[in-house]
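Undergrad: Sequence first, predicted model second:
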Amino acid sequence: MTSRASLTRRSLVGLAAAGLATTALALPASAATPPRAPAARTAVHLPPPTGPYDIGTVSARLVDRSRHDPWVPSRPFRELMVSVWYPAASGGGDGHRRAGYMAPGAAARWDAMAPHGIPRGAIDFAALRTHAGEGAPADTRHGRHPVLVYAAGAGDPRTWGTALVEELASRGYVVVTVDHTYESPGVQFPDGSVKDAGPLMKAFEEARKNGTVPRLLQRTVDTRVADSRFVLDRLGSLPNGLSRIVDRRRVGMFGHSAGGIAAAETMYEDRRVSAGVDLDGTLEYNPEPEGTRLMPVARHGLDRPFLLMGSDRPTEPAWRSFLSHGSGWKRNLTLRGSEHQAYTDLSALLPQTGVTGEVLAQNIGTVTPARAIAAQRAYVTSFFDRWLKERDDTLLDAPSGRYPEVEFRD
């Protein structure tokens, strides 16, 4: 696998701006110098969730036989891997091994990328433990729980938002995380096979030669939306009997970068999604020049609640357009001092690898990583509590002294 340079939000002819820079879209090895591997792997951990529930998780393969795979048309179906994170019965995790962060095959591909400033070989992503009991019995004492769909940024695995996902599960949500096959760097299936991003790499190279990158971006977003809608279709048949605790009348979606884009556009196209969050994902197909190819959701807005939470930069035209359209409740927040990857598990993991302050600032920003995690957890939870549980802690009404890093913008 080739390595890639650190990608900014607006590199690679706008693909990274949409969050669509993947392993497949890697720079040639000669153009990138991966961080030096340490002498020994670092023992790292994720921040524990703070909610009242124990949590469990299970993974499953989902097969959509109603369509051919968009990236490999010879495959007569589309297959996805998902993980479901959920409130577990009190003490239900006892005797259940804490789930691993990634499957070994997917972890090897992720590590080989030296992702987002993490030195290659620094973290054993397969050995890293989450806080969820694998297959733990679900909480059935408190009725049905709201369900959320989470989408990672392109080129990132579905696990890359685990710190936030675990927090939401501990707060009483069932969260389904999705890998988009042939776009994620490596998706491992139950038979041990690993699908990488080669087909999308081929499509990108052709689009770059033909000057059709915006069209490829639209195709990629359309694929993510179709995947997300298929996952919504399957909420009634989740593994481990979890559909018994899911309230399909209370559905939200959130994601980082391309995942935030998918959340917004899926919500625009599918009324089953009642509330959504975009963590630093632009809402246009071709951001150079900005504002030239807005997505439908940016042009028309939404009639349901939506939260924009972005890194520290001027509000871009696509977000300004979204904010000026639609009748739904909306809020535009900025995490001061943050870079694009501050909204991922990089905030938790990168500081533990011993990299320099310069590497931290380049990839996360100058915001204190622990504060980035705390703010992200607080505002996303507050948003979904307000709109899916009818519990309003007023955090989203005005700036808070508890989170001075968070700026409210018009």
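TA: All right, it came through fine.
Undergrad: Alpha carbons of stretch 54-72, as CSV, please.
TA: What follows is stretch 54-72, C-alpha atoms only, in CSV (Å, rounded to 0.1, in the frame of the first residue of the first chain):
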residue,chain,number,x,y,z
ASP,A,54,-22.8,0.3,30.4
ILE,A,55,-22.4,-0.2,26.7
GLY,A,56,-22.1,-3.1,24.3
THR,A,57,-21.4,-3.6,20.7
VAL,A,58,-21.8,-6.1,17.8
SER,A,59,-20.8,-6.0,14.2
ALA,A,60,-22.6,-7.3,11.2
ARG,A,61,-22.5,-7.7,7.4
LEU,A,62,-25.4,-6.2,5.6
VAL,A,63,-26.2,-7.1,2.0
ASP,A,64,-28.4,-4.9,-0.3
ARG,A,65,-29.5,-7.1,-3.2
SER,A,66,-31.5,-4.4,-4.8
ARG,A,67,-28.5,-2.7,-6.5
HIS,A,68,-25.2,-3.6,-8.0
ASP,A,69,-22.1,-2.3,-6.3
PRO,A,70,-21.5,1.3,-7.6
TRP,A,71,-17.7,0.8,-7.6
VAL,A,72,-17.6,-2.8,-8.8
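Undergrad: Counting neighbours, which bits of it end up buried?
TA: By neighbour count with 16 or more other CB atoms under 10 Å, stretch 54-72 contains the buried residues 54-60, 62, 64, 69-71. Every C-beta, even on glycine, is put in place using the N, C-alpha and C of the backbone.
Undergrad: want to try a markdown table for those residues, with distance to Asn240 as columns?
TA: Shown next, in a markdown table, are these (distance: CB to CB, whole Å):
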| residue | distance to Asn240 |
| --- | --- |
| Asp54 | 15 |
| Ile55 | 13 |
| Gly56 | 8 |
| Thr57 | 9 |
| Val58 | 5 |
| Ser59 | 10 |
| Ala60 | 8 |
| Leu62 | 14 |
| Asp64 | 20 |
| Asp69 | 26 |
| Pro70 | 29 |
| Trp71 | 29 |
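Undergrad: which among those gets closest to Asp312?
TA: Among these, Ile55 lies closest to Asp312 (CB to CB), at 31.2 Å.
Undergrad: Regarding the closest one, which helix or strand does it belong to?
TA: Assigned by DSSP states H and E, Ile55 falls within strand 54-64.
Undergrad: Just checking, which helix or strand succeeds that strand along the chain?
TA: Downstream of strand 54-64, the next assigned helix or strand under DSSP H and E is strand 78-88.
Undergrad: okay, now the closest residue to Met295 other than its chain neighbours: neighbour count?
TA: Distances taken as CB to CB, 6 or more residues apart in numbering put Leu283 closest to Met295, at 5.0 Å, once the chain neighbours are dropped. Neighbourhood size, Leu283 [other CB atoms under 10 Å]: 27.
Undergrad: Pull up the gap between Leu283 and Ile261, please.
TA: Distance, Leu283 to Ile261, by CB to CB, to the nearest Å: 6 Å.
Undergrad: ok, back up a step: point out the other elements, helices or strands, that the strand holding Ile55 touches.
TA: strand 78-88, strand 129-134, helix 162-170, helix 213-233 (3 or more CB pairs under 8 Å, 6 or more residues apart in numbering; DSSP states H and E).
Undergrad: Average pLDDT for the shortest one, rounded please.
TA: Averaging pLDDT along strand 129-134 yields 97.
Undergrad: just the last one next, same as before
TA: Across helix 213-233, the average pLDDT comes to 95.
Undergrad: what's the spacing between the helix or strand just after that helix and its chain's center?
TA: Using DSSP H and E, the helix or strand that follows helix 213-233 towards the C-terminus is strand 246-256. For strand 246-256, the separation from the chain centroid amounts to 14 Å (computed by CA atoms, centre = their mean, to the nearest Å).
Undergrad: Put the alpha carbons of strand 246-256 into CSV.
TA: What follows is strand 246-256, C-alpha atoms only, in CSV (Å, rounded to 0.1, in the frame of the first residue of the first chain):
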residue,chain,number,x,y,z
VAL,A,246,-34.7,0.7,18.8
ASP,A,247,-37.3,3.4,18.4
ARG,A,248,-37.5,3.9,14.6
ARG,A,249,-39.7,7.0,15.1
ARG,A,250,-36.7,8.8,16.7
VAL,A,251,-33.8,8.6,14.2
GLY,A,252,-30.8,10.9,13.9
MET,A,253,-27.7,11.0,11.8
PHE,A,254,-24.2,12.5,12.3
GLY,A,255,-20.8,12.3,10.8
HIS,A,256,-17.4,13.9,10.3
